[in-house]
Every structure is written in structure tokens, then in C-alpha cells.
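Chemist: I'll drop the sequence and a predicted model, then ask my questions.
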Amino acid sequence: MTDSRQKGAAAERVVVNLVKDSLGDLIDVSTVKRNLDQYQDSGCPDIIIDNLFSLEVKHYKSGRWYKDAWLKQCRDAAAKLNMIPILVWRYDRMDFKATVPLYFVDRGFQFEDEENFPTEGNGTDLLTMEFDTCLMLMREWL
């Protein structure tokens, strides 16, 4: 395993533990784990939570903001599974951030299709927040 792959896997483990600590009273924590199929099947998310949230986790050495390619990967994987896309990212010496669609925060956005999460429109505009805040909002969905 390359150093970057090890770094990514370590970040995923940290995120899994943060999710378990924060949401463990609402979900079966044994189902929150790294999705190891991501290495065999492209387009899979890094972490699936309660068949509702599709997390893509990124940890890189330096930068200031998430990369468009990360967001595309996150959105594509979530759309494939009809889940809410959550991009969790950080650079060295930074706390984790989460980038989410607006409908994740405000369910007032009209969903065109009641059975599927939107993949376009105003409700898919993006918000970035501290990952702790994202976890707090995830609780509202569970």
C-alpha cells in the first residue's frame, strides 16, 4: 500500500470512529465501517451509514479547499446508491470539514421525486462546515 493510500485509509478509520462516537445511540454501529469494495469496484463510496449517507473521505498534505474531482466522485457514488452525498476532507494540521448539498441542511427544498434524492437544482448547491456540525445534522435525519 502506498503512503497516500495508507493516509486515506487512516482518515477513513478516524471518520468511522467519529461517526460511531456521535451517532452510536441512533444506529447499529457494527454497520458503520469502511467500504472495502471501493478498491475492487470503482464508483463506490468510502463509508456508508445507515443506507442513507454516502461518505467520500479525503486527506491530503496541503491545500485550502476541496477539489472538484473529489466532489464529483462523492456525488456520483451517492447517486448510484440513492444516498445523501457527504464529502469529508482535510489537509494536514486541519480539522475535518464536510461539504454537503443544501437539502441536507434544509429539507424545505422541494424534491421532484419523493423516492430519490435530488441530483440537480438549487437543493444541490453546496455548503461546507466542520465535520462535527455535519454529524449533528446527520442525527436529525436518523
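Modeler: Thanks, I have the structure now.
Chemist: for the rest of this, base every contact and every neighbour count on C-alpha atoms.
Modeler: Will do.
Chemist: contacts for stretch 4-15 next, please.
Modeler: With Cα atoms under 8 Å, 6 or more residues apart in numbering as the test, stretch 4-15 has contacts from 33-34, 46-47, 57-60.
Chemist: buried members of these into PyMOL, please.
Modeler: A single PyMOL command selects the buried members of the contacts of stretch 4-15 (16 or more other Cα atoms under 10 Å):
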select buried, resi 33+34+46+47+57+58+59
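Chemist: mind checking which of the contacts of stretch 4-15 are in strands?
Modeler: 33-34, 47, 57-60 (DSSP state E).
Chemist: out of those, who's nearest I84?
Modeler: Lowest distance from I84 to those (Cα to Cα) belongs to I47, with 11.7 Å.
Chemist: would you reformat the contacts of stretch 4-15 as CSV and include distance to K20 and pLDDT?
Modeler: Putting the contacts of stretch 4-15 into CSV (distance: Cα to Cα, whole Å; pLDDT from 0 to 100) gives the following:
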residue, distance to K20, pLDDT
K33, 9, 76
R34, 12, 77
D46, 15, 93
I47, 12, 94
V57, 16, 96
K58, 19, 96
H59, 20, 95
Y60, 23, 92
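Chemist: what's the most distant pair in the contacts of stretch 4-15?
Modeler: The widest separation within the contacts of stretch 4-15 (Cα to Cα) is 21.0 Å, between K33 and Y60.
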